[in-house]
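based on what follows, work out the 3D shape:
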Amino acid sequence: MNKYWTDLVKRLTPYVPGEQRSGTDVVKLNTNENPYAPSPRVKEAINGVSGDSLRRYPDPQALALCSSLASYHGVTTDQVFVGNGSDEILALAFMAFFTGSKPLQFPSISYSFYPVYCDLLNIEQQTTPVDENFCLDLNGFNSSGGGIIFPNPNAPTSLAVSREQITALLKRVPDTLVLVDEAYADFGAESSIELIEEYPNLVVSRTFSKGRSLAGLRLGAAFANADLIEALRRVKDSFNSYPVDTLAQAAGIASIDDEKYYRHTIDKVVQTRDWTTAQLQDRGYRVLPSSANFLFVSPDGIKASSLFNALREQNILLRYWAKEPLSNWLRITIGTSAEMERLIAAIDNITRKKDH
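Presented below is the predicted three-dimensional model:
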């Protein structure tokens with residue numbers, strides 16, 4: 001450790017993203033990226049940005065993009081906030097809403113960035129257990145804490161809760177801020193965005209990385225009542241006034257405008273997800289019912305760690321966590337149909353070799 005590091009930096013355990021191996025032979029099923037390119041309109045919009053405009057700072061509030069998002073989701077522009085990916089949205093929300101003296105509540109198995117942000121911002125944390133089937137019981141959250149956050153669908157389990165369940169939680173904890181992280185909601189979960197008008201304690205975060213194939217541009221959004229959005233803007237403008245660049249703003253608008261392409265790619269991912277689920281279940285694997293663009297899978301007849309390593313040797317990358325109770329589970333991103341066929345063939349080959 002460097003002598004100039006602060007005590008905080010020494011204590012931090014940073015978030016570790018999935019391996020970013022490249023190459024034409026790599027089947028990358030470990031970071032939940034969309035297997036299909038964004039709408040062709042996105043490239044057209046980027047190409048249409050003038051060189052002269054790039055010498056100027058982007059619109060700090062990204063009002064045109066916020067307006068497009070508002071129209072799409074049936075809310076008002078002052079109920080929308082955009083940032084440099086949903087991870088930045090979450091970071092700003094942690095700073096705006098969760099730095100009080102009471103603990104932040106989140107599921108015991110959830111997005112691993114939540115405890116990282118808590119450690120970075122010195123926020124006390126309190127986890128709510130999932131059940132033996134990894135299901136999240138929202139009744140485990142209460143109003144005694146300093147806030148509640150959970151993904152819907154959850155990561156890495158892929159399981160979703162209903163809008164009705166979320167509504168019941170919001171009614172039960174009216175004085176506690178609830179942040180629903182909808183990074184994967186495009187693929188099957190019920191969105192809670194329509195609830196922001198009725199529930200002033202609700203913030204919903206979304207991303208363009210998954211359903212809209214824009215992970216490389218870093219674009220996320222939050223939806224809440226205008227007062228909560230203003231809090232996010234205050235924190236943002238105290239940290240980075242221009243988080244969303246001109247190209248990303250143009251690309252985001254173009255993506256929203258091409259609803260037909262968006263629906264088509266979502267449908268393809270869901271169809272491939274259902275096919276892969278059936279293939280794995282036919283081989284005795286346990287697969288949780290997914291509402292996301294990935295599967296949470298427990299192998300049959302082979303340890304998850306062994307299968308993970310064997311597939312990695314064949315340039316097929318999955319996500320694995322050694323900690324309990326996840327040590328015999330794998331998270332598998334849904335790729336193209338050809339990529340998933342290669343995965344199944346590789347699993348069969350590994351199984352045959354093991355049996356002999």
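
the nearest residue in space to Glu190 that is not next to it in sequence: neighbouring residues, count only.
Using Cβ to Cβ, 6 or more residues apart in numbering and skipping the chain neighbours, the partner closest in space to Glu190 is Arg163 (4.1 Å). For glycine as for every other residue, the C-beta is placed from the backbone atoms N, C-alpha and C. For Arg163, the neighbour count with other Cβ atoms under 10 Å is 17.

identify the residues contacting Arg163.
Residues near Arg163 by Cβ atoms under 8 Å, 6 or more residues apart in numbering: 190-192, 194-195.

got the phi and psi for it?
Main-chain dihedrals, Arg163, degrees, to the nearest 10: phi -60, psi -30.

now do Pro289, the pLDDT please.
What the model reports as pLDDT for Pro289 is 98.

skip the chain neighbours and tell me the closest residue to Ser327.
Ala304 (6.7 Å).

surely Arg212 touches Asp257?
No: Arg212 is beyond contact range of Asp257, at 11.3 Å (criterion: Cβ atoms under 8 Å).

between those two, which has more neighbouring residues?
Of the pair Arg212 and Asp257, Arg212 is the one with more neighbours under other Cβ under 10 Å, namely 26 against 16.

quick check: closest non-adjacent residue to that one.
Per Cβ to Cβ, 6+ apart, closest to Arg212 is Ser255, 4.6 Å.

equivalent analysis for Leu12, please.
The nearest residue in space to Leu12 (Cβ to Cβ, 6+ apart) is Asp119, at 5.9 Å.

how far away is the one you found from Phe308?
27 Å (Cβ to Cβ, to the nearest Å).

those two: who's more crowded?
Phe308 (20 against 15).

now the helix or strand hosting that one: average pLDDT?
Using DSSP states H and E, Phe308 maps to helix 304-313. The average pLDDT within helix 304-313 is 96.

show me what secondary structure element comes after the host helix or strand of Gln281.
Following DSSP H and E, one finds Gln281 within helix 259-282. Note on helix 259-282: by DSSP H and E, the next helix or strand toward the C-terminus is strand 286-287.

list the contacts of stretch 319-337.
Residues outside stretch 319-337 that contact it (Cβ under 8 Å, 6+ apart): 18, 27-33, 35-36, 109, 156, 268-269, 272-273, 275-276, 293-299, 303-305, 307-308, 318, 340, 343.

go again using 6 Å as the cut-off
The list of residues contacting stretch 319-337 from outside it, by Cβ atoms under 6 Å, 6 or more residues apart in numbering, reads 18, 29-30, 32, 35, 156, 269, 272-273, 293-298, 304, 308, 318.

how about stretch 118-132?
12, 94, 98-99, 103-105, 107-109, 115, 136, 140-141, 145.

now the most centrally placed residue in the chain, what's its secondary structure?
The centroid of the chain falls nearest to Ala183 when counting by Cα atoms, centre = their mean (3.4 Å). Of the three states, Ala183 takes coil according to DSSP: H, G, I helix; E, B strand; the rest coil.

which residues touch it?
So, once contact is read as Cβ under 6 Å, 6+ apart, Ala183 ends up touching 86, 207.

how far away is it from Asp300?
To Asp300, Ala183 is 29 Å away according to Cβ to Cβ.

next one: Thr24
31 Å.

neighbour count for the two, which is higher?
Asp300 (12 against 5).

so that one sits in a helix?
No: read with three-state DSSP, Asp300 is coil and lies in no helix.

would you map the helices across the stretch 1-150 of the chain?
7-11, 40-47, 63-73, 86-97, 113-121 (DSSP state H, counting those that start in this stretch).

now distance to Glu230 and mean pLDDT too, for these, in a markdown table please.
Output for these, formatted as a markdown table (distance: least, Cβ to Cβ, whole Å; pLDDT from 0 to 100):
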| stretch | distance to Glu230 | mean pLDDT |
| --- | --- | --- |
| helix 7-11 | 28 | 85 |
| helix 40-47 | 29 | 97 |
| helix 63-73 | 13 | 98 |
| helix 86-97 | 10 | 96 |
| helix 113-121 | 20 | 93 |
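
so which of those comes closest to Pro243?
Nearest to Pro243 among the helices of the stretch 1-150 of the chain is helix 86-97; the distance by Cβ to Cβ comes to 6.1 Å.

show residues contacting that closest one.
Under the contact criterion Cβ under 6 Å, 6+ apart, helix 86-97 has outside partners 83, 117, 121, 147, 177, 179, 183, 205, 207, 220, 222, 231-232, 235-236.

try it again at 7 Å.
83, 113, 117, 121, 123, 147, 177, 179, 181, 183, 203, 205-207, 220-222, 231-232, 235-236, 243 (Cβ atoms under 7 Å, 6 or more residues apart in numbering).

what residues sit buried inside stretch 137-151?
Within stretch 137-151, the residues that qualify as buried are 138, 140-141, 145-151, counting by 16 or more other Cβ atoms under 10 Å.

again but with stretch 94-109, I slipped
94-98, 103-107, 109.

and if you look at stretch 220-233?
Result for stretch 220-233 [16+ other Cβ under 10 Å]: buried residues 220-225, 228-229, 231-233.

check stretch 153-170 too.
For stretch 153-170, by 16+ other Cβ under 10 Å, it's 153-161, 163, 165-166, 169-170.

what mean pLDDT does it get?
Mean predicted lDDT for stretch 153-170 stands at 98.

understood, closing this out.
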